[in-house]
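Asks: give me a model of this one.
(chains A, B, C and D)
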Number of protein chains: 2
Amino acid sequence: MAAPRTTTNARLASIPRTAAQLRIIIAALDLFTEHGVSGTSLQMIADAIGVTKAAVYHQYRTKEEIVLAVAEFGLVPLEMALDAAEAERSRAAALEVLLGEMIALAVENRRMVSALQRDPVVARLLADHAPFRELMDRQDRVLIGGHEGAEARLRAAMVWAAIVGGVGHPLVADVDGATLRSQMLDLALRFLAGPD
Amino acid sequence: MAAPRTTTNARLASIPRTAAQLRIIIAALDLFTEHGVSGTSLQMIADAIGVTKAAVYHQYRTKEEIVLAVAEFGLVPLEMALDAAEAERSRAAALEVLLGEMIALAVENRRMVSALQRDPVVARLLADHAPFRELMDRQDRVLIGGHEGAEARLRAAMVWAAIVGGVGHPLVADVDGATLRSQMLDLALRFLAGPD
DNA sequence: GTCTATATGAAGATAGAC
DNA sequence: GTCTATCTTCATATAGAC
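Replies: Residues are numbered from 1 along each chain as shown, chains lettered A, B, ... in the order given. From the prediction side, this is the model:
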């Protein structure tokens, strides 16, 4: 399965970040997870690091830029998972790599994933910002595979939602990570394979 | 399948609402869908109806109360679907009724469902407010059925997430409602049935 | 890179008149 | 049920010193 990399090629992994910026990103990620983006003020971020609002503004000119930086940082693992999946030769292998990585990441960061995936601000960002849309497109391409038609797209949409939404569901809050990971991967792969 | 109705029995459907309150609820629902709860101010709600903030405050003392009223209003259809599902005698029939209704509702109100399900404020409300938790519990009970163990709960969590998250996914944005509804029901039922 | 200080605006909320 | 007017608090954002 060749990797049809698209035109604009902004590697999230190679975006430069100073130490001060990284501190802000880490703190913001944590706060966004707990309070949502709209529910997190710059004051809260500044307090968490132990600096003033002005110091935060010195690193990022607006709150929007912080949200963007956090998203760029948080999506690096997905980018790497996509690289790995696209390097596989068969659809089955690509799916297994991508779903395995996605699920591992989602399970490891349950709270973060379910909080950020839910956030309307983040949702709009993922839809509007080109580098993110590109990631989502690559992801969709792997999930859909060679198939065409509404059902293949529906399966892709549902399996994606089932993963990112499922890990945060109260029903599985007490299931340990390893179990959740293996059972979810199993169910996801079978769902995508279908009875045909 | 008997309906083991729980102790506190606040029927959402029978909560009284004045005309003025209903206007607020409708407007708020619309704005919440577009901007999220945190992203919607009382000023926006007031403007949408054509009154002042003070008039809104006369109906609901706090923003929280508005969110609550909107949720109570919006969840009435789910309550009715659960009533119908629990009245069925077999698990299979109950599942078909509940999933059929849930999916129909989710597809009909794609934008609303995916926006509100995502909202952190709504999520917290559903988790904390007893009448809502009760609805979710009834829903979980039907989805899990007689089974026990982590996998049954995981399947329930995933199918739920797949439905409410799937209807709003960009990949199926151009799929018409009828197609989406029937294919999603089919896939959801098969996912829950599993290969065993 | 971080600070103090400050501007500006909008949010949630209340008092009291019509 | 709706209004005007007002209050408080907080958020985003900037200027300029250290």
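
Asks: got the angle between the helix or strand hosting residue A:182 and helix B:177-193?
Replies: Element membership of residue A:182 [criterion: DSSP states H and E] is helix A:177-193. Helix A:177-193 and helix B:177-193 are oriented at 130 degrees to each other (axes from the mean of the first three to the mean of the last three C-alpha atoms, to 10 degrees).

Asks: helix A:177-193 and chain B in contact?
Replies: Yes. Remark: helix A:177-193 sits within contact range of chain B at A:179-180, A:183-184, A:187, A:190-191, by C-beta under 8 Å from any C-beta of the partner chain. (C-beta placed from N, C-alpha, C; glycine too.)

Asks: show residues contacting stretch A:60-78.
Replies: A:12-13, A:15, A:17, A:21, A:24-25, A:28-29, A:32, A:37, A:42, A:45, A:56, A:101-102, A:105, A:112, A:116, A:121-122, A:125-126, A:129, A:131-132, A:135, A:139 (C-beta atoms under 8 Å, 6 or more residues apart in numbering or on different chains).

Asks: which ones among the residues you listed map onto helices?
Replies: Mapping the contacts of stretch A:60-78 onto helices (DSSP state H) picks out A:21, A:24-25, A:28-29, A:32, A:42, A:45, A:56, A:101-102, A:105, A:112, A:116, A:121-122, A:125-126, A:131-132, A:135, A:139.

Asks: quick one: residue A:21 from chain B, how far?
Replies: The gap separating residue A:21 from chain B is 25 Å, by C-beta to the nearest C-beta, to the nearest Å.

Asks: burial measure for residue A:142, as a count.
Replies: Residue A:142 has 22 neighbouring residues, counting by other C-beta atoms under 10 Å in any protein chain shown.

Asks: write the ChimeraX selection for whichever of the contacts of stretch A:60-78 are buried.
Replies: Selection of buried members from the contacts of stretch A:60-78 for ChimeraX, criterion 16 or more other C-beta atoms under 10 Å in any protein chain shown:
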select /A:12,21,24,25,28,29,32,37,42,45,56,101,102,105,112,116,121,122,125,126,131,132,135,139
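
Asks: contact residues of chain A facing DNA strand D?
Replies: Counting by C-beta under 7 Å from any atom of the strand, chain A comes close to DNA strand D at A:40-44, A:53-54, A:57-58, A:61-64.

Asks: can you redo the residues you listed as a markdown table with pLDDT and distance to residue A:155?
Replies: A markdown table is the format used below for these (pLDDT from 0 to 100; distance: C-beta to C-beta, whole Å):
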| residue | pLDDT | distance to residue A:155 |
| --- | --- | --- |
| A:40 | 89 | 35 |
| A:41 | 91 | 40 |
| A:42 | 93 | 41 |
| A:43 | 93 | 44 |
| A:44 | 93 | 40 |
| A:53 | 93 | 46 |
| A:54 | 92 | 50 |
| A:57 | 93 | 45 |
| A:58 | 93 | 47 |
| A:61 | 90 | 42 |
| A:62 | 90 | 39 |
| A:63 | 91 | 37 |
| A:64 | 90 | 34 |
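
Asks: most neighbours among the residues you listed, which one?
Replies: Most neighbours among these, by other C-beta under 10 Å: residue A:40, with 24 neighbours.

Asks: please tell me how far that residue sits from residue A:66.
Replies: Distance of residue A:40 to residue A:66, given as C-beta to C-beta, to the nearest Å: 9 Å.

Asks: next: residue A:43.
Replies: Using C-beta to C-beta, residue A:43 is found at 13 Å from residue A:66.

Asks: out of the residues of helix A:177-193 next to chain B, which is most surrounded?
Replies: residue A:184 (28 neighbours).

Asks: who's in contact with the closest residue to that residue other than its chain neighbours?
Replies: The shortest distance from residue A:184 to any non-neighbouring residue, by C-beta to C-beta, 6 or more residues apart in numbering or on different chains, is to residue A:103 (5.1 Å). Neighbour list for residue A:103: A:163, A:167, A:181, A:184-185, A:188 [criterion: C-beta under 8 Å, 6+ apart].

Asks: among those residues, which ones are buried?
Replies: Buried, going by 16+ other C-beta under 10 Å: A:163, A:167, A:181, A:184-185, A:188, out of the contacts of residue A:103.

Asks: pLDDT for these - can I get that in CSV?
Replies: Output for these, formatted as CSV (pLDDT from 0 to 100):
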residue, pLDDT
A:163, 98
A:167, 97
A:181, 98
A:184, 98
A:185, 98
A:188, 98
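
Asks: closest to DNA strand D out of those?
Replies: residue A:167 (27.7 Å; C-beta to the nearest atom of the strand).

Asks: what are the phi and psi angles of the closest one?
Replies: Backbone dihedrals for residue A:167, given as degrees, to the nearest 10, come out at phi -60, psi -30.
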